[in-house]
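1. give me a model of this one.
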Amino acid sequence: MTALASDAGRARSGIVPILLCVVPFSQIPLDAYTPGLPQMVVDLAADAASMQNTVTAYMLGMSLALVPVGIASDTLGRRKVLLAGLSVLIAMSVACALATSASLLLGLRFLQGIGGCTCLVVAYAVAADCFRGRELTAISGLLGAAWGLAPVLAPAAGGFIVELTSWRGVFVIIAIAAAIVAGIVAFFLPETLPADRRAPFDPRRTAGILRDALLRPGFLAFVLVFAAAASAQLAFGVVAPFFYQTGLGYSAAIYGLVALGLGGVNLAGELGCAHFARFMPARVMGFGAFALFLAGSAVLTATGMTVGLDFASITIGGALVLGGCGVLCPMMYGMALGLFERDHGLIGGLISALCYLAVSGAMAIAAVLPEATQAPIGWLYLGLCAVAGTLLAISLPSTRQATPT
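-> The predicted structure is shown next:
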């Protein structure tokens with residue numbers, strides 16, 4: 001029995017590196033091309049809001065596909081659905097590189113989001129197939145760190161690609177990298193959902209599961225805090241190129257380096273979640289991260305109203321926000337998913353869909369905010385903090401309560 005348990009543990013551990021390669025491809029298409037947004041405005045004869053809305057289009061595609069993809073992975077198995085989604089992502093990335101108008105690019109980005117969503121929901125479903133309790137929260141932190149590598153590396157790499165080629169080259173690189181990951185999945189990822197645990201599609205059963213999930217204590221609170229933190233992360237990636245490049249006059253490559261540093265702070269938060277989740281009370285970790293989020297929001301608002309557009313203020317405020325949200329995102333996702341024993345594809349899809357629908361709304365607001373100073377994005381963040389802080393106070397267990405293992 002001990003040998004068998006050891007073999008199973010090694011098999012589960014071997015899956016984690018593959019998931020760490022997969023999960024960033026839900027996020028890379030959101031971040032890698034953002035240094036090219038100002039160039040795209042000129043190249044496609046569009047306005048800034050239209051180009052910023054290419055991010056929103058991607059997230060809408062993700063949002064609407066997450067639940068169907070989750071159901072499909074519970075019914076057909078994880079590998080088939082993941083490989084199909086990666087194929088769509090590759091094809092749409094090539095098509096985006098060839099786009100000739102803003103309206104066409106918006107449609108292609110929507111379809112690209114459908115493909116990219118599989119990398120998020122299926123990766124977390126595989127993790128939930130293999131891990132439980134604190135271990136699942138810790139693995140969620142690792143996956144969150146991999147997801148967080150996109151804001152760290154993708155804008156920096158994208159900035160240099162834009163400088164060397166153009167924004168179109170970024171989409172070509174995304175397609176090539178996604179094809180490599182698809183090969184890794186095809187050859188090395190085992191199926192983690194055996195046929196006897198799959199759930200044949202039944203609309204009434206599915207509706208019942210969704211209803212029970214929405215009514216389960218704590219579930220919606222965790223999801224909405226996740227949505228608030230993810231909105232803050234992604235909104236900064238959309239407005240920051242215009243702060244640094246258009247407002248302050250830095251090049252795409254310089255902005256990429258700044259994004260690299262800020263993304264490193266976000267990554268530190270994700271890794272902090274993976275480390276501290278194993279022993280730190282959830283309430284302590286959650287409110288510690290929230291304090292950083294709130295402090296960064298206050299810095300952006302106050303300096304925007306007093307100093308105006310300023311490199312140091314934007315960078316310090318953004319770092320505090322991204323560090324706090326880096327902890328909150330994987331923590332909330334893992335806690336919400338950990339409330340359930342099965343149907344992890346469907347539940348993961350529901351979590352992500354609710355999150356990204358909320359994020360899409362926040363991104364639409366961010367796209368029309370004035371960019372003369374950082375104060376408007378600071379006020380948006382303070383509103384998100386009000387929601388997140390209230391829900392954390394209600395939903396996180398008291399430090400006196402035992403945390404399940």
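2. check which helix or strand covers the residue lying closest to G334 once chain neighbours are set aside.
-> Distance criterion CB to CB, 6 or more residues apart in numbering; nearest residue to G334, sequence neighbours excluded, is S140 at 3.2 Å. The way it works is simple: take the backbone N, C-alpha and C, and place the C-beta from them, glycine included. When elements are assigned from DSSP states H and E, S140 belongs to helix 133-164.
3. which strands and helices sit next to that helix?
-> helix 2-22, helix 28-31, helix 102-130, helix 167-188, helix 219-241, helix 252-276, helix 311-337 (3 or more CB pairs under 8 Å, 6 or more residues apart in numbering; DSSP states H and E).
4. buried residues, the longest one. List them.
-> Meaning helix 102-130. Neighbour-count burial for helix 102-130 flags 102, 105-130 (criterion: 16 or more other CB atoms under 10 Å).
5. how many neighbours does I176 have?
-> Neighbourhood size, I176 [other CB atoms under 10 Å]: 12.
6. what's near enough to touch it?
-> Applying CB atoms under 8 Å, 6 or more residues apart in numbering, we find I176 in contact with no residue.
7. distance of it relative to G264?
-> Distance, I176 to G264, by CB to CB, to the nearest Å: 25 Å.
8. now S26. Nearest residue, chain neighbours left out?
-> The shortest distance from S26 to any non-neighbouring residue, by CB to CB, 6+ apart, is to L120 (3.7 Å).
9. okay, the one you found: pLDDT?
-> For L120, the pLDDT comes out at 89.
10. gap between it and T75?
-> From L120 to T75 the distance is 18 Å (CB to CB).
11. check P68 too.
-> 10 Å.
12. repeat that for A46.
-> 40 Å.
13. how about A45?
-> Taking CB to CB as the measure, A45 falls 44 Å from T75.
14. again with F279
-> 37 Å.
15. quick one, which of those two is more surrounded?
-> Higher neighbour count among F279 and T75: T75, with 18 against 10, using other CB under 10 Å.
16. how close does that one sit to M62?
-> 20 Å.
17. what helices and strands are in contact with the helix or strand hosting S93?
-> Counting by DSSP H and E, the element that carries S93 is helix 78-97. Applying 3+ CB pairs under 8 Å, 6+ apart, one finds that helix 78-97 makes contact with helix 48-76, helix 102-130, helix 167-188.
18. which one of the ones you listed lies nearest to P397?
-> If you check each of those against P397 by CB to CB, helix 102-130 wins as the nearest, at 20.1 Å.
19. helices and strands around that closest one, which ones?
-> Secondary-structure packing of helix 102-130 (3+ CB pairs under 8 Å, 6+ apart): helix 2-22, helix 28-31, helix 48-76, helix 78-97, helix 133-164, helix 311-337, helix 344-368.
20. tilt between the third one and helix 344-368?
-> Between the direction of helix 48-76 and that of helix 344-368, the angle (axes from the mean of the first three to the mean of the last three CA atoms, to 10 degrees) works out to 180 degrees.
21. list the helices and strands helix 48-76 packs on?
-> Using 3+ CB pairs under 8 Å, 6+ apart: helix 48-76 touches helix 28-31, helix 37-43, helix 78-97, helix 102-130, helix 219-241, helix 344-368.
22. hmm, 7 Å instead?
-> Applying 3 or more CB pairs under 7 Å, 6 or more residues apart in numbering; DSSP states H and E, we find helix 48-76 packed against helix 28-31, helix 37-43, helix 78-97, helix 102-130, helix 344-368.
23. for M92, give its distance to C355.
-> From M92 to C355 the distance is 22 Å (CB to CB).
24. next: I18.
-> 23 Å.
25. then L120?
-> 10 Å.
26. next, the contact list for L153, please.
-> G263 (CB atoms under 7 Å, 6 or more residues apart in numbering).
27. if I look at it, how far off is A46?
-> L153 is 27 Å from A46, by CB to CB.
28. do the same with D31
-> Distance, D31 to A46, using CB to CB: 20 Å.
29. ok so, going back, wait, the residue nearest to S26 sits on P24?
-> No - counting by CB atoms under 7 Å, L120 stays clear of P24, with 9.6 Å between them.
30. first residue to last residue on stretch 157-173, what's the distance there?
-> With CA to CA, to the nearest Å as the measure, stretch 157-173 spans 10 Å from end to end.
31. report the buried residues of that stretch.
-> So, applying 16+ other CB under 10 Å, buried residues of stretch 157-173: 157-163, 166-173.
32. residue ranges with poor pLDDT in the protein?
-> Counting by pLDDT under 70, the chain shows low-confidence ranges at 1-13, 148, 151-152, 399-405.
33. my read is that C96 contacts G107, right?
-> No - C96 lies out of contact with G107 (CB under 7 Å); the separation is 10.0 Å.
34. next, count neighbours for A91.
-> A91 has 16 neighbours, counted by other CB under 10 Å.
35. do you know how far it is from I174?
-> Using CB to CB, A91 is found at 11 Å from I174.
36. same question for T301.
-> Counting by CB to CB, the separation of T301 from I174 is 34 Å.
37. what about the two, which has more around it?
-> Shown here are T301 and I174; by other CB under 10 Å, I174 has more neighbours (27 against 21).
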